[in-house]
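1. Structure of the sequence below:
(chains A, B and C)
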Amino acid sequence: MKTNSLAKLRFEKFMYNRLAVAGFIMMMLIILACVLAPLFTPYDPSYIDVTIKELPPSSEHLLGTDRLGRDILARLLYGGRVSIWIGLSSAVGACLIGVVLGCISGYFGGKLDQVLLYISEIFMTFPRYLLVLICVGLVGQSMSNIIFIFIATGWSGTMRIVRGKIMSLKQESFVESCLANGVSGWSIMFRHLLPNTLGPVIVDMTLSVAGCILAEAGLSFLGMGVAADVPTWGNIINAAKRLDIIQNMPLLWISPGLAISLFVLSINFFGDGLRDVFDPAQ
Amino acid sequence: MLKYLAKRILQLIPKLLVISLIIFLGLQLLPGDPITRTISPEIYKYMTEAQMEQLREALGLNKPLIVQYFTWLKGILRGDLGYSQSSGSDIASMLKGRLPSTIELAFFGLIVANILGLLFGYIAALNKNSFIDYLFTTLSVIGISVPEFFFGIAFIMFFALKLKWLPTGGRMAAGHPEFSSRIKYMVLPVFCLGISLIATLMRFTRSSMLDVLNKDYIKTARSKGLNETEINVKHGFRNALIPVMTLLVFRLPILVSGTVVIESIFNYPGMGSMVLDALSAGDMPVVMITTLVISAVTLVASTLVDVLTAMLDPRIRLE
Amino acid sequence: MENTLNENVLEVKDLQTRFRVQKRVVNAVSGVTFELKRGKVLGIVGESGCGKSVTAHSVLQLLPKVGHIENGSVMYYPKDGEPIDLSKYGPKSKEIRKIRGKDISMIFQDPMTTLNPVYTIGDQIVENLRKHEKLTKTEAKVRVIELLKKLGIPNPEIRFNEYPHQFSGGMKQRVMIAIAMICNPEILIADEPTTALDVTIQAQILGLMRSLQEEHGTSIILITHNMGIVAQMCDDVAVMYMGRVVEFGTLKQIFTEPKHPYTTALLRSVPVLGMDSDEDLETIEGSTPDASTVFKGCEFAERCKEARPECFKRFPKDTFFEDGHRVRCILYEENENG
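-> Predicted structure coming up:
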């Protein structure tokens, strides 16, 4: 009963934050548009037809076509699927690893904690992009590799949040009373401590979706992300590295740039709203 | 303070060792004969199999991995960074021209971001819930959300191509290496690099400042009859700065990461674009060694920020 | 006005302080009147949330941003100079800043948080001194060290250059007293100065305040919820309840012939030396109402043992007795009338 009313209170607080609600709606709209891409565009994003290359916007091609005659709107929508999928799955994966390691580190402490903390510290002092680039160089460019790399390099932040939270919760008397009543360590950790860390973790995960989308876009922009024939928001912009294209085909880079910015912006507003709900102190 | 400094430097060494070990192990994972990365291809070309075996023995490449690591590390510390596999040139001399460019870019990015981020955060906090606060806060979310390359392209389009105020890229005009003529080449890259840091610092300074202004010692300062500026700057901002500096330590690697993208957009000849060129050529030793150098520099810079934080906070300094 | 003859150094009249929290308006202090006599200690007592601390902060206008003085006056009569109504100046005004720390200074409850962690305690005391008196750094340092010595801080020359985190709670509160006393103020407002400290240290701090007060003739407003401290320290007492002074009188009047039922209840709830061991301490029934409650009658009526129907219907008026004793209770109004 109590959790219900707390959830209700939080929901009301969230709804009160207009920017957060707007962010959520915008985010859902963009996701829907990408998922239901075939409804909005009849074109295949990878279909090459050089006879219609570099067309300006028209009623047939709302955003025009690119250098290979592909419809930009179609590439934008289908590209969004890939970009959002990479962002979501990497953030969720990295978060899961971070939560598990953070729980272990925070609850058991000792040597194991020291080692895990040190590893996460090394990760955080390393410029992450370079680490990602090395990994890309080692394992090659593909969507699953990118997701794998993002997960492998992205868990340290969550781990630290969970670890800190668990360590402070461990001091609370309810843990002592659980122990006194013979509840096992694992049970305390997963049934009593973990649920208490959920708020900050969800906020962190939301914001790291934004981070991963930005990272993927940057990587693809550099030509080091997902293979160039797969449309992603970053890959579309990749073409705009030449000055003549920047000047003559602004839609080619403005539209995916705006798509990324708008999506990440809405996630950030949404995430900030969540943070206010879960962590009033901030 | 000296004790603290010594402690920080002592903590720095194992971290550098771990990073170098990671890079070393990464190098071992690469296919191909490690000897090709160790000696100049010019010499390698004319060597017989027997000579090579002899050299392997001499370089310790037949010894256990851990011995090899220390031999390699010794070489690195002497500036012997090995050879590029695509161009065959010495990595150390490739880096010589590039490292200062990147450090220059990152340094100015850091300075600009700090000045603007702290200033905007301070102003927003003092004018909480006013129009200017909402404006800065909203702009900062935009600054965090818009990818830096999008800003970069937009800036090139607008300031370089349309208005023709600034060059589209590069680091200097041919034959004009002096600093004053380089400034206009740096404006756009530095600003682009700094935007997300400005936004982050602004948000953080704002909340830190608001937090500090609620502290009891602000009331004490007020009860002494100090004026608002003295209270806000001497007692407020000075304290608000401490957590911001701690955040900066974690943001530094992200700023350095940004140089890769920024250098690529603005054709800026630094380490980032060197890494990218090497990566496209499949020249992993160059990528890894460059990464090692950049990480080491970043780590040293983070330690400097840590020391700066300690200078601001006696609780850390006198620990 | 011949203020030199005025025996009061501070007269607070009908002070109202209001807080605006989001859209709610809370009257934290609603019409408080009291006088502080020159060279005397006035205690303001009451339960937490009764507005005693807000009253103290209102004098120097050290209220949080959401709070402001709505009505009333705070007259300060300096030893030499014209009387000033402090409530007429803005909280950031030059006039009030000149008085803060110099003529009237303040000590707060929690010494752990009232000192700035990044400056040495020497700097923090010198800051107040040099703000109000033209002194060189060396002169200021000499004065500060002298005061630190008087306050019983060992090795003051060394401690001068140390930071707050190197001090214990009691030592920090001594430093706060040094900040407050360095300019020899006429009035010292101490807001629960010993609540956050260990009992043994409480006595030391109070003793120090007493001796400084006797030496410099400082007038003190002592805010506390502890009747024991009142008995030990004060010359006059104001008892507050729900943002109002319900009874005002000398220490003797309040302790030997309390008039207001709340004061009586308050006194019965503390143990007194020499009390029979089988005698029970009383508790005051119910709890302090929410600060935003709107009353039609006496605020204490709900919890009052002697409440009459009339008490719930109208606000009581102040009743003045010849000996200066003052009470805000309907019971005494009737006595007067009948």
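
2. which stretches of the stretch 1-150 of chain C have low pLDDT?
-> Applying pLDDT under 70 to the stretch 1-150 of chain C flags residues C:1-5.

3. Spell out which parts of it neighbour chain A.
-> For the stretch 1-150 of chain C, no residue is in contact with chain A (Cβ under 8 Å from any Cβ of the partner chain). All C-beta atoms are positioned from the backbone trio N, CA, C, and that covers glycine.

4. Show me where the stretch 1-150 of chain C has its strands.
-> Here the stretch 1-150 of chain C has its strands, by DSSP state E, counting those that start in this stretch, at C:8-21, C:24-37, C:41-45, C:67-76, C:84-85, C:104-107.

5. Kindly reformat those as a markdown table containing mean neighbour count.
-> Below are the strands of the stretch 1-150 of chain C laid out as a markdown table (neighbours: other Cβ atoms under 10 Å in any protein chain shown):
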| stretch | mean neighbour count |
| --- | --- |
| strand C:8-21 | 19 |
| strand C:24-37 | 20 |
| strand C:41-45 | 26 |
| strand C:67-76 | 19 |
| strand C:84-85 | 16 |
| strand C:104-107 | 27 |
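
6. Could you grab the helix/strand/coil label for the residue in the stretch 51-200 of chain B that chain C sits nearest to?
-> Going by Cβ to the nearest Cβ, chain C is nearest to residue B:128 of the stretch 51-200 of chain B, at 8.8 Å. What DSSP: H, G, I helix; E, B strand; the rest coil gives for residue B:128 is coil.

7. quick revisit: mind giving me CSV with the strands of the stretch 1-150 of chain C and columns for distance to chain B?
-> CSV is the format used below for the strands of the stretch 1-150 of chain C (distance: least, Cβ to the nearest Cβ, whole Å):
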stretch, distance to chain B
strand C:8-21, 13
strand C:24-37, 16
strand C:41-45, 17
strand C:67-76, 12
strand C:84-85, 14
strand C:104-107, 5
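
8. Export the ones you listed to TSV and append columns for distance to residue C:126.
-> What follows is these, written out as TSV (distance: least, Cβ to Cβ, whole Å):
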stretch	distance to residue C:126
strand C:8-21	27
strand C:24-37	28
strand C:41-45	28
strand C:67-76	25
strand C:84-85	27
strand C:104-107	15
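
9. Residue A:213: what's it in contact with?
-> A:83-84, A:86-87, A:233, A:260, A:263-264, A:267 (Cβ atoms under 8 Å, 6 or more residues apart in numbering or on different chains).

10. cool, and residue C:116?
-> B:217, B:220-221, B:235, B:239, C:124, C:164.

11. Which ones among those lie within helices?
-> Residues of the contacts of residue C:116 located in helices (DSSP state H): B:217, B:220-221, B:239, C:124.

12. of those residues, closest to chain A?
-> Scanning the ones in helices among the contacts of residue C:116 for proximity to chain A, where the rule is Cβ to the nearest Cβ, the winner is residue B:239, at 17.6 Å.

13. can you count the residues close to that closest one?
-> Residues contacting residue B:239 under the criterion other Cβ atoms under 10 Å in any protein chain shown number 23.

14. what does residue A:276 give?
-> 17.

15. Flag every residue of the stretch 151-300 of chain C that's near chain B.
-> With Cβ under 8 Å from any Cβ as the criterion, the stretch 151-300 of chain C comes near chain B at residues C:163, C:165-166, C:176, C:179-180.

16. Could you double-check that the residue of the stretch 51-200 of chain B closest to chain C sits in contact with residue B:210?
-> Yes: at 6.4 Å, residue B:128 counts as touching residue B:210 under the criterion of Cβ atoms under 8 Å.

17. ok, now which ones touch the residue nearest to residue A:231 when sequence neighbours are not counted?
-> In this structure, residue A:231 finds its nearest non-sequential neighbour in residue A:79, 3.8 Å apart by Cβ to Cβ, 6 or more residues apart in numbering or on different chains. Residue A:79 makes contact with A:45, A:231-233, A:235-236, A:256, according to Cβ under 8 Å, 6+ apart.
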